[in-house]
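S.K.: Provided below for reference: sequence and predicted model.
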Amino acid sequence: MIRCGQHPRVLFEVVSPSELLHKRQWDRKRADLQAVEGVLEIVEIYQDEMLAHAYRRQDAGWVFESIAGPEAQVALPSVGIAVPLAALYERVPLEAE
């Protein structure tokens with residue numbers, strides 16, 4: 001979580017393969033996170049592959065971005081930073097594809 005003031009600004013969730021089996025439950029959880037006051041971005045980081053999903057609050061609703069691969073970056077415009085996706089997986093053993 002990244003906080004600015006009293007409210008969280010960015011939330012991070014690590015998604016395990018078992019959670020993906022329960023898509024409706026996961027979608028409900030994301031909706032609950034989107035309802036948290038102050039949250040502008042949610043980043044789901046997948047446990048078993050170099051993949052992240054970012055959801056960003058916009059005037060018209062939430063915008064989705066899929067981020068994949070060792071060259072990709074997770075941009076967090078609400079806090080003015082970008083993090084290389086490879087850095088998030090630096091110590092995570094991934095199976096060769």
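M.R.: Sure thing, it's come through. Please read all numbers here as calculations on a predicted model, not as lab measurements. Residues are numbered from 1 along each chain as shown.
S.K.: tell me the helix or strand right after the helix or strand of the chain with the lowest mean pLDDT.
M.R.: Sorting the helices and strands of the chain by mean pLDDT, DSSP states H and E puts helix 17-20 at the bottom, at a mean of 79. Following helix 17-20 in sequence order, the next helix or strand is helix 23-34 (DSSP states H and E).
S.K.: give me the helices and strands touching the least confident helix or strand of the chain, please.
M.R.: helix 23-34 (3 or more CB pairs under 8 Å, 6 or more residues apart in numbering; DSSP states H and E). The C-beta positions use only the backbone N, C-alpha and C, and glycine is treated the same way.
S.K.: buried residues, the helix it packs on. List them.
M.R.: Across helix 23-34, burial judged by 16 or more other CB atoms under 10 Å covers Arg30.
S.K.: could you identify the helix or strand that succeeds that helix?
M.R.: strand 41-46.
S.K.: so who does Glu13 touch?
M.R.: Neighbour list for Glu13: 29, 33, 42-45 [criterion: CB atoms under 8 Å, 6 or more residues apart in numbering].
S.K.: now those residues in a markdown table, with distance to Leu94?
M.R.: A markdown table is the format used below for these (distance: CB to CB, whole Å):
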| residue | distance to Leu94 |
| --- | --- |
| Lys29 | 24 |
| Leu33 | 25 |
| Ile42 | 23 |
| Val43 | 18 |
| Glu44 | 17 |
| Ile45 | 12 |
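S.K.: so what's the residue count around Gln47?
M.R.: Gln47: 15 surrounding residues under other CB atoms under 10 Å.
S.K.: right, I mislabeled it, should have said Gln58
M.R.: 9.
S.K.: list phi and psi for it.
M.R.: The phi/psi pair for Gln58 (degrees, to the nearest 10) reads phi -130, psi 170.
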